[in-house]
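Engineer: Starting from these lines, generate the structure:
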Amino acid sequence: MSTLILALAAGAVIGIALGALGGGGSVLAVPALIYLLGFTPVAATTASLVIVAVTSATALSAHARDGNVRWRTGLLFAAAGIGPAMLGGALAGRIPEAALTAAFAVVAGAAALRMLRSRPPADTSVPVRPGRAAAAGAGLGAVTGVLGVGGGFLAVPALVSVLGMRMRNAVGTSLLVITVNSLAALATRAGTADGLDWAVIGPFAGAAILGAWDGKRLAAKISGHTLQRIFALVLLAVAAFMLIDAVV
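Structural biologist: Just a heads-up that it's a prediction; the model follows:
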């Protein structure tokens with residue numbers, strides 16, 4: 001019973017993060033599955049991809065109805081990042097786990113600090129060059145492939161800072177990127193799905209889906225600048241925890 005309660009609570013928090021912030025799901029899901037629910041790192045990564053893919057797709061539909069998804073940019077991001085993510089995943093197997101954890105913390109912290117220093121662009125009609133979007137998506141895919149996460153926590157800063165999106169558009173578009181990348185990653189991990197505890201993953205995913213709807217409503221009530229700061233502070237907290245875990 002305690003495991004079920006933990007799964008429901010963790011799922012709700014992750015769903016709110018995805019629905020309101022457009023990212024952070026896999027960043028929060030993997031530690032929750034390992035430290036709270038006793039999953040192995042490999043099983044936690046695979047399970048988190050299932051949870052994040054389903055939750056992101058649900059949150060994406062809500063943001064799409066409000067016109068907050070830049071479909072062309074999101075698809076360019078996702079398509080350009082699939083190949084580099086696979087190559088990065090192959091490289092990750094040769095890097096020590098502590099080094100990967102520390103690298104993850106540094107990248108997450110840098111992204112958070114950049115967002116804390118900047119303000120969301122005021123113009124929602126900034127033209128997006130396909131080449132620039134594809135280059136950013138490829139770089140994002142390479143980094144997330146090495147670090148083994150879905151990439152939403154990096155996609156939002158990239159969409160805001162690199163492509164000039166406002167925060168709300170970046171949140172909605174990042175959910176498209178997360179959904180596509182998570183499904184692509186799952187396709188390469190079919191063999192690791194055996195033996196997963198679906199009695200935990202099911203309630204976790206269900207709570208995350210419900211939380212995503214609440215997160216979407218929360219996002220509609222908070223200014224873009226405030227939303228950006230909340231997202232950055234979440235990133236800083238996760239980065240600090242993982243850096244401590246890597247060096248201690």
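Engineer: Quick one: residues contacting Phe241.
Structural biologist: Counting by CB atoms under 8 Å, 6 or more residues apart in numbering, Phe241 makes contact with Pro31. All C-beta atoms are positioned from the backbone trio N, CA, C, and that covers glycine.
Engineer: Kindly report the same for Val177.
Structural biologist: Residues near Val177 by CB under 8 Å, 6+ apart: Gly74, Phe77, Ala78, Gly81, Gly137, Leu140, Gly151, Gly152, Ala155.
Engineer: What distance do you get for Asp197 to Ala133?
Structural biologist: 38 Å (CB to CB, to the nearest Å).
Engineer: cool, and Val107?
Structural biologist: For Val107, the distance to Ala133 equals 20 Å [CB to CB].
Engineer: Compare these two (neighbour count), which wins?
Structural biologist: Ala133 (23 against 19; other CB atoms under 10 Å).
Engineer: Leaving aside the residues adjacent along the chain, what's closest to the more buried one?
Structural biologist: Nearest non-adjacent residue to Ala133, counting by CB to CB, 6 or more residues apart in numbering: Leu76, 4.3 Å away.
Engineer: Centre of the chain to whatever helix or strand that neighbour lives in, how far?
Structural biologist: Element membership for Leu76, per DSSP states H and E: helix 71-92. For helix 71-92, the separation from the chain centroid amounts to 14 Å (computed by CA atoms, centre = their mean, to the nearest Å).
Engineer: Now Ala136. Nearest residue, chain neighbours left out?
Structural biologist: Closest residue in space to Ala136, ignoring its immediate chain neighbours: Val162 at 4.8 Å, by CB to CB, 6+ apart.
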